[in-house]
Structures are given as structure tokens and as C-alpha cells.
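Novice: Quick one: sequence plus predicted model below, questions after.
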Amino acid sequence: MSQEPQSPPASPFTLGVIADTHVPDRRKALDPRILPLFEFCGVRAILHAGDVSAPAVLEDLRRVAPVFAVRGNRDWLWLGSLPPTRHLSFNGVSIGLTHGHGGWLRYLLDWPVYKLFGVNLERLALRQQAQFPPSNVIVFGHAHLIMNRRINGQLYFNPGSPHFPQPKKPVPSLGLLHIENGGKVRGEIIDLEGCPIHSNASMK
């Protein structure tokens, strides 16, 4: 897939990152803290890593900033026109955006494994690398688990879910990517009480 041209400001800025909102299939509406939190953080754009699951969610997020979204396994009904992956660039930082389920066949093969053994987050993250080999950052969802880790020179970033975290990781969360001039980016995971819980991953 070709890279989508972006025209963000040339000064340091912040991206909001969210995934697995599941509205209205599992929750009636976005948690009311999400939009004010993104506004407070001054995000200049928002990345949604899939399982939206209704257009109204993206409309709500656009009240804060432009939204770039991809299609998750729950988005086949109302948001089937969303792309499965996006290649984005902000201030010279390339970002690959995907949901992470790998299509229907991969999803169906993974489902019994996840039920029996849970999600292997690192394995799920590295599976995305083949789609975005040159990207500085790979943003994905699907696991409902947070990840803010650099592996082999790439920052793998999963904001978790603001509504349905995994039972073993009961933290409703979303994310921020702080992008500076010179190709430096730092990931931050924030729970919905406003407390940073992972803020130490960075890369040049």
C-alpha cells in the first residue's frame, strides 16, 4: 500500500490513539471522559486501530481532531469501507496503523487459541511487522492489552481498550504518541482516571 500524504504542523505535537471501542455492540456510547481527555492533551489528530464499531464513534472523535481509522473484525457491517491498514507520516515519523487480527481466516484460526491460552501480545505485535517493514511506529489493537515497546528498532504501540480491557489487565486505557522534530516519538498509555501507566518507550 502506498503511503498516505499528511500535512501536519512542523512543530512538536501529539497524536491521540484509541482502539476497540466496540460501540454499540458492547457499549452504548464512548466513555464521556475520552473526548475531554484528548482535548486536554491537545491532540492534533486521532488514530483509531479498529473495532470502532459504528460511524458515530468516528464522528464524535472528529469533534476533537481529524481521525485516521482502520477496519477491525467488528467493523464489517457499518464500516466495511475503512481500509485494513494505513501508512501515515507525521513530521518524518512513519506510522503503520492496523487492527491486528490479520483478516477473517487468521482471526478464525486464532480464536480458539486465544480462548484456551490468552493472547501472546508480543507474537501478535511482531505479526504486524511484515505489513510495515519500514515504519518507525506500528499501532495496532485487537488484543485489548497495552503495549508500548521498542523491538528491533520499531515502536510497537497498542493503546488497549477504553471500555473492555482483558480480565487479567483491568485498566481501561487509550494512548498518546508525542512526536518531535528530528524523527523522535514517544508513546504514552493513559488510563481513564488520567494516570500515566506506561510512558517510558521512545525511539529515534
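Specialist: Done, it's in. Numbering: from 1, shown residues only.

Novice: Run through the helices of this structure in chain order.
Specialist: Along the chain, the segments classed as helices by DSSP state H run 34-41, 55-62, 103-117, 121-127.

Novice: Distance check, the closest residue to Leu58 other than its chain neighbours against Leu97.
Specialist: Nearest non-adjacent residue to Leu58, counting by CB to CB, 6 or more residues apart in numbering: Val67, 5.2 Å away. All C-beta spots, glycine's among them, are computed from the backbone N, C-alpha and C. To Leu97, Val67 is 11 Å away according to CB to CB, to the nearest Å.

Novice: shared neighbours, these two?
Specialist: Counting by CB atoms under 8 Å, 6 or more residues apart in numbering, the common neighbours of Val67 and Leu97 are Leu47.

Novice: So for the two, which sits in the more crowded spot?
Specialist: Leu97 (30 against 19; other CB atoms under 10 Å).

Novice: my read: the more buried one touches Thr85, true?
Specialist: Yes. Contact criterion CB atoms under 8 Å: Leu97 and Thr85 qualify, at 6.7 Å.

Novice: intersection of neighbour lists for the two?
Specialist: Val70.

Novice: For Gly92, give me phi and psi.
Specialist: Per-residue torsions, Gly92: phi 80, psi 0 (degrees, to the nearest 10).

Novice: The residue lying closest to it once chain neighbours are set aside and Leu15: what is the separation?
Specialist: Excluding its sequence neighbours, the residue lying closest to Gly92 (CB to CB, 6+ apart) is Gly183, at 4.9 Å. Distance, Gly183 to Leu15, by CB to CB: 15 Å.

Novice: Worst mean pLDDT among the helices of the chain?
Specialist: Ranked by mean pLDDT, the helices of the chain end with helix 103-117 at the bottom, a mean of 63.

Novice: what's the neighbour count on the residue lying closest to Phe132 once chain neighbours are set aside?
Specialist: The spatially closest residue to Phe132, leaving aside those adjacent along the chain, is Gly96, at 2.9 Å (CB to CB, 6+ apart). Close neighbours of Gly96, defined as other CB under 10 Å, add up to 25.

Novice: What of Pro12?
Specialist: Using other CB under 10 Å: Pro12 sits among 12 other residues.

Novice: Once you drop chain neighbours, what's closest to it?
Specialist: Leaving aside its chain neighbours, Pro12 sits nearest to Glu180 (4.3 Å; criterion: CB to CB, 6+ apart).

Novice: if I look at the spatially closest residue to Leu79 that is not a sequence neighbour, how far off is His87?
Specialist: Spatial nearest neighbour of Leu79, excluding adjacent residues (CB to CB, 6+ apart): Val52 at 5.5 Å. Distance of Val52 to His87, given as CB to CB: 20 Å.
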